[in-house]
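Chemist: Quick one, fold the following:
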Amino acid sequence: MSFEGRTVLITGSTSGIGRAAAEQFGHNGANVVVTGRDHTRGHEVVAAIEADGGSARFIAADLSTPDGAQRLAAAAGEVDILVNNAGIFPFGASHEIALDEVRTVLDFNVVAPFALVAALVPGMIERGSGVIINVSTMVASFGNPGMSAYGASKAALELLTKAWAAEYGPLGVRVNAVSPGPTRTPGTAQAGDLIDTLAVTLPLRRPAEAQEIADAIVYLASDDASFITGAIVPTDGGRVAV
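Modeler: Got it, this is the predicted structure:
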């Protein structure tokens, strides 16, 4: 597959799933906009993409407020493919999570993607094509202790995926989501044994590697998926089957 001539913006692409997707898009010819809060890691990803013959630039972004998302969109310019990958995932029983933390999760995981789509989709519509990929989680579709705020935020993102597909499909923009299971990334390292505990409940009996989730993202963004929109694609090692 080729993304020659197309610009892809991936939030949270300085590590983990986002970085794996950024490097794969770059390998396949896209102009990659790498974003995140860590300048050092951002420039490392850009260097890796360029070393592979690709094109990339880094834009520092703080998506904890809608203003941050809007500034990112303005700095990025024309974007053909938007991957809403960045997310935060506090763990803990609902009565132990401060309401301010719940608001932060919703701002980061729901409001920021909403603001980015609102800012970037008009350009896609004007050009007659575009792709939006949202990164959700398997715990958006079932209750799991300690993940109420995170799961709820991603369930909202899955509904937005379907709403945006209905709104913008007639205007040439496809919108899909991937729903990963437990995945080994630098960000999930803070979860300790939880990743392995969740993994043993899957038919495949192992966590995913970041590249495996990135493969699904890149496929959905490609012309090979040209008739897929409004889909929530399980990338969860078979959890959806049990």
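Chemist: for this structure, what are the low-confidence residue spans?
Modeler: In the predicted model, the chain carries pLDDT under 70 at residues 187-192.
Chemist: you'd agree Val173 is up against Gly130?
Modeler: Yes - taking Cβ atoms under 8 Å as the definition, Val173 is a contact partner of Gly130 at 4.2 Å. Where you see a C-beta, it was placed from the backbone N, CA and C, and this is true even at glycine.
Chemist: Between those two, which contacts overlap?
Modeler: Val121, Met124 (Cβ atoms under 8 Å, 6 or more residues apart in numbering).
Chemist: now Gly238, nearest residue through space, not along the chain?
Modeler: Leaving aside its sequence neighbours, Gly238 sits nearest to Pro203 (Cβ to Cβ, 6 or more residues apart in numbering; 3.3 Å).
Chemist: Contact partners for that neighbour?
Modeler: Gly237, Gly238, Arg239, Ala241, Val242.
Chemist: can you rerun that using 7 Å?
Modeler: For Pro203, the contacting residues are Gly237, Gly238, Ala241, Val242, by Cβ atoms under 7 Å, 6 or more residues apart in numbering.
Chemist: Going by neighbour count, which of those comes out on top?
Modeler: Highest neighbour count within the contacts of Pro203: Gly237, with 23 neighbours (other Cβ atoms under 10 Å).
Chemist: and that one, backbone torsions?
Modeler: Main-chain dihedrals, Gly237, degrees, to the nearest 10: phi 60, psi 20.
Chemist: now Ala93
Modeler: phi -60, psi 150.
Chemist: now Gln70
Modeler: Dihedral angles (degrees, to the nearest 10) for Gln70: phi -70, psi -40.
Chemist: same check, this time on Ala86
Modeler: Dihedral angles (degrees, to the nearest 10) for Ala86: phi -60, psi 140.
Chemist: next one: the one 5 residues further on
Modeler: When quoted as degrees, to the nearest 10, the phi and psi of Phe91 stand at phi -110, psi 150.
Chemist: And Gly130, by the same measure?
Modeler: Dihedral angles (degrees, to the nearest 10) for Gly130: phi 170, psi 160.
Chemist: Brilliant, that's me finished.
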